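Student: Here is a sequence with its predicted model. Questions after.
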Amino acid sequence: MSPESVHLDTALGAPERADLLLAQMTVREKAHQLVSVPPWYLVLADGSAPVVRDEWLEKAPGHICNFGVDDPATMARIVGDLQRTAIEGTRLGIPLLVHIEALNGVLAGGHMVFPTSIGLAATWSPELVQEMADTIRRQLTRVGVRQALSPNMDIALDPRWGRVHETYGEDPYLVAALSVAYTRGLQGVDLREGAIATAKHFIGYGLPTGGMNLSSYEGGPRRTRDLFAFPFEAAIQLAGLGSVMNSYSDVDGVPAAANPYVLTTLLRDTLGFDGFVSSDYMTLEHIHTRQRAAASPAEAGRLTIAAGLDTEFPVPYGYGDALVDEVEAGRVDIAHVDRSVRRILTAKFRLGLFENPYPAERIEIAEVALEGRELSRELARRSVVLVKNDGLLPLAPGTSSVAVIGPHADAVKLQFPTYSYPAFRDMTTFMSGGGMGNMVGIDPGMAAWNNSLFPSMPIEDFLRDRLDATSLADEIDRHARATHVAAGSTLTTDLGEDAIADAVAAATASDVVVLTLGGASLWFNGERTEGEASDSADIALPAAQVRLAEAVAATGKPILVVLVQGRAYTLPPVIQDAAAIVVSSYGGPFGPAAVADVLFGEVNPSGKLPYSIPRHTGQIPVYHHQRAGTGYRNPLPPDVDRHYLDLPATPLYTFGHGLSYTEFVLSDLEADSEMTTDGSVRIAATVRNAGERAGDTVVQLYVRVDTSGATRPAQQLAGFSRVSLEPGESCRVAFTLAAAQLGYTDIAGEFVVEPSSVDAWVSLDAESRPLETRIAVTGERRPLKSSARVFLSGSTITAA
């Protein structure tokens with residue numbers, strides 16, 4: 001084997017192979033190994049060469065940025081062309097690492113769309129999230145895409161922020177459990193058959209100032225480490241997380257991507273991360289032009305490469321040629337560049353890209369389209385949350401006449417939010433047609449590329465044709481003898497008296513009204529209430545929908561409300577007074593069918609809220625794990641009967657809440673009373689289905705830890721287990737809680753588990769405490785390194 005090809009020796013480890021290849025690279029090749037470019041810089045959609053190809057092959061970029069096409073065979077062909085061009089056309093023949101979004105399905109056509117992340121969180125089903133990610137893994141590797149810019153591990157504490165639906169909710173434990181499941185499914189047992197998961201956005205992005213996207217995160221090191229880092233750390237330690245994406249936000253006044261404390265001290269030295277940091281799109285430009293923390297692109301590059309940002313996506317701005325110039329001028333230490341290049345090359349060797357860079361040669365498009373279909377349907381069903389029921393539900397099969405009213409009544413595309421392929425396609429064709437106001441910039445070659453790949457088709461037709469998607473009105477019509485459909489309003493616009501009159505007439509002509517309200521998440525096109533860069537100062541249900549609801553309620557007909565939403569909305573009295581309220585996340589192609597199946601009793605609802613629903617915007621933040629003595633966790637002074645003068649401080653509906661058509665009862669708590677700081681305890685309870693039909697519920701374990709000097713959360717989720725029971729059936733759920741799960745940053749700034757008193761309780765939501773116990777943690781104070789932490793409790797289910 002020649003010295004130039006010694007890095008191809010598969011008997012060597014990936015880090016050693018990376019060093020051997022790195023030693024052969026020029027400064028320019030190193031600087032461009034850290035950047036991505038659009039596919040049309042190297043290959044046109046028809047396989048021909050663009051004018052700029054030779055220029056970019058000389059630079060040899062390391063990555064291809066996100067792009068989508070309508071079918072997997074075309075995707076595989078293009079990725080194959082890209083790899084062949086890079087391997088055969090560059091000096092060293094280094095394969096490309098192609099990335100794509102895959103939050104709730106591959107962001108390319110011909111693949112199944114699953115419920116958005118907040119809907120996945122409402123299922124409380126890590127095993128199904130892992131199965132979903134495993135499906136995505138097989139689909140990505142088939143088309144040659146080996147990095148996903150997913151999952152979103154942000155802890156969403158402010159519902160004004162438009163990106164809540166991309167997250168797994170407000171609770172660090174639930175976010176961690178689902179993040180670990182996704183990472184394991186996507187990366188697989190052997191990364192040579194997997195795709196790299198990219199956790200975003202590091203760190204604190206789910207609590208932006210004012211709830212506005214991109215705004216700074218104001219939090220000290222204790223909150224950052226103990227709360228916001230928790231899901232990332234769990235995925236690093238339990239699932240070998242391969243990549244992390246920076247937040248756009250400032251952290252303690254320094255942009256996260258240029259912050260050595262964030263990307264090196266915390267992420268690597270403390271949490272033990274050994275993968276590579278992926279740049280969020282246009283990060284360096286943000287640092288230069290938005291945050292004004294760098295005077296030039298070159299300075300942005302200097303700051304971020306030193307801090308530990310390993311790549312720049314989607315195109316070079318401060319890396320690439322600018323980074324070469326900085327190295328040659330002596331302003332950037334080549335050791336920093338080598339460090340990042342080594343990380344990228346190590347990842348490529350671990351993926352097996354040098355041995356197997358090409359996609360599958362043959363793809364059966366029809367078979368791929370069916371993959372995950374039943375899983376998507378089951379996830380949609382489990383994601384439906386029944387938050388109120390005064391006995392109206394379930395509706396009798398064959399109910400004679402149902403009015404389906406509201407902006408979600410006959411909508412199909414509103415089930416597909418940002419970071420799902422249909423929304424991406426809709427936004428992309430909008431941009432290519434001249435639409436502006438987007439976050440990722442307009443590339444001159446993009447319009448020609450998209451116009452050649454995306455046939456013109458109305459989005460509703462695309463969804464019905466490609467995904468068999470339906471509307472709620474379609475699905476209710478399957479169950480009812482007659483349906484009367486009226487929009488009444490758009491999401492945010494009052495359509496006037498005639499539209500209201502039509503809605504009232506539909507209600508009057510029916511036996512029951514299904515009022516379909518809520519929001520929509522889009523990128524930068526169309527009417528929306530959520531989404532990236534679509535935040536709200538007031539999270540009240542839009543006034544147009546409230547007026548519609550009040551007019552329909554005045555008919556006196558029984559009303560059940562279906563809220564299609566990716567975050568909490570505050571609800572006016574007319575909605576709170578409805579006989580039943582169902583919360584549905586953006587469920588994808590089977591979202592409406594799942595809701596209809598719940599309404600008519602074909603499916604017993606089992607979803608649990610992954611966020612708290614406040615009574616008023618002024619309560620924000622109102623998450624359940626507020627610190628003791630803070631917010632609604634603050635004891636009332638003598639002779640004071642409420643925290644606010646004008647309304648209760650508690651949520652309207654709490655985290656973990658969700659009703660069923662049967663009744664579940666908890667009893668017979670058994671728990672060890674003591675454990676040492678390096679021990680564990682067993683906490684067990686019986687759950688019984690006391691109703692008359694089969695159903696699922698989620699048994700939840702909460703704890704409160706009292707320690708010395710630092711204020712801890714008033715409560716924290718410490719475990720959960722989903723159970724399925726027939727009528728009259730019982731089972732025993734046992735949790736194993738380790739002391740190392742209770743670690744925190746103490747008053748001296750050290751991460752420890754220490755002697756303490758722990759209140760523990762088993763419940764079916766975050767507010768009730770039907771079964772409580774107290775546990776003493778004894779022994780010596782124990783410093784905890786990340787590798788010694790326990791992140792998730794064990795649980796077993798046995799017959800009672």
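Tutor: All right, it came through fine.

Student: Quickly list the domain ranges of the chain.
Tutor: Domain assignment for the chain by automatic domain parsing gives 3-365, 384-614, 664-799.

Student: Mean confidence (pLDDT) on the second one, please.
Tutor: Within the predicted structure, the mean pLDDT of domain 384-614 is 92.

Student: centre of the chain versus that domain, how much separation?
Tutor: 20 Å (Cα atoms, centre = their mean, to the nearest Å).

Student: Pick out the residue closest to the middle of this protein.
Tutor: Thr167 (3.2 Å; Cα atoms, centre = their mean).

Student: what's around the nearest residue to that residue once chain neighbours are set aside, how many residues?
Tutor: Nearest non-adjacent residue to Thr167, counting by Cβ to Cβ, 6 or more residues apart in numbering: Ala156, 4.3 Å away. In this view, the C-beta of every residue, glycine as well, is placed from N, C-alpha and C. Using other Cβ atoms under 10 Å, Ala156 is surrounded by 29 other residues.

Student: what do you get for Val753?
Tutor: 28.

Student: so it touches Leu737, yeah?
Tutor: No. Using Cβ atoms under 8 Å, Val753 makes no contact with Leu737, being 11.8 Å away.

Student: Look at the residue nearest to Thr167 and tell me its secondary structure.
Tutor: Counting by DSSP: H, G, I helix; E, B strand; the rest coil, the backbone at Ala156 sits in coil.

Student: Excluding chain neighbours, what is closest to Ser534?
Tutor: Gly162 (4.0 Å).

Student: could you say what helices and strands the lowest-mean-pLDDT helix or strand in the chain packs with?
Tutor: Using mean pLDDT, DSSP states H and E, the weakest-scoring helix or strand in the chain turns out to be helix 446-453, at a mean of 81. When contacts are defined as 3 or more Cβ pairs under 8 Å, 6 or more residues apart in numbering; DSSP states H and E, helix 446-453 sits against helix 421-432.

Student: what separates stretch 773-787 from the chain centre, distance-wise?
Tutor: Worked out by Cα atoms, centre = their mean, stretch 773-787 lies 31 Å from the chain centre.

Student: Report how far apart the opening and closing residues of it are.
Tutor: This stretch, stretch 773-787, spans 29 Å end to end (Cα to Cα, to the nearest Å).

Student: Kindly report the same for stretch 302-320.
Tutor: Counting by Cα to Cα: the opening and closing residues of stretch 302-320 are 12 Å apart.

Student: which stretches of the stretch 1-150 of the chain form strands?
Tutor: Under the criterion DSSP state E, counting those that start in this stretch, the stretch 1-150 of the chain contains strands at 36-37, 63-64, 97-100, 147-148.

Student: nope, the stretch 501-650 of the chain is what I was after
Tutor: 512-518, 559-564, 580-584.

Student: I'd like to know which of the ones you listed is closest to Pro635.
Tutor: strand 580-584 (30.6 Å; Cβ to Cβ).

Student: any idea how far the residue nearest to Ser534 is from Ser606?
Tutor: 28 Å (Cβ to Cβ, to the nearest Å).

Student: and stretch 116-134, what's its mean pLDDT?
Tutor: 98.

Student: Pull the distance from it to the chain's centre.
Tutor: Worked out by Cα atoms, centre = their mean, stretch 116-134 lies 10 Å from the chain centre.

Student: May I have that stretch as PDB, with CA atoms only?
Tutor: Coordinates of the C-alpha atoms in stretch 116-134 are reproduced here as PDB (Å, rounded to 0.1, in the frame of the first residue of the first chain):
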ATOM      1  CA  THR A 116     -44.100  16.200  14.400                       C
ATOM      2  CA  SER A 117     -41.800  15.900  17.500                       C
ATOM      3  CA  ILE A 118     -44.300  17.400  20.000                       C
ATOM      4  CA  GLY A 119     -46.800  14.800  18.800                       C
ATOM      5  CA  LEU A 120     -44.200  12.100  19.300                       C
ATOM      6  CA  ALA A 121     -43.600  13.400  22.800                       C
ATOM      7  CA  ALA A 122     -47.400  13.200  23.500                       C
ATOM      8  CA  THR A 123     -47.200   9.400  22.900                       C
ATOM      9  CA  TRP A 124     -44.600   8.900  25.700                       C
ATOM     10  CA  SER A 125     -43.400   6.000  23.600                       C
ATOM     11  CA  PRO A 126     -39.600   5.900  23.300                       C
ATOM     12  CA  GLU A 127     -39.700   2.500  21.800                       C
ATOM     13  CA  LEU A 128     -41.800   3.700  18.900                       C
ATOM     14  CA  VAL A 129     -39.700   6.800  18.400                       C
ATOM     15  CA  GLN A 130     -36.600   4.500  18.200                       C
ATOM     16  CA  GLU A 131     -38.500   2.400  15.600                       C
ATOM     17  CA  MET A 132     -39.300   5.500  13.600                       C
ATOM     18  CA  ALA A 133     -35.700   6.600  13.700                       C
ATOM     19  CA  ASP A 134     -34.600   3.100  12.700                       C
END
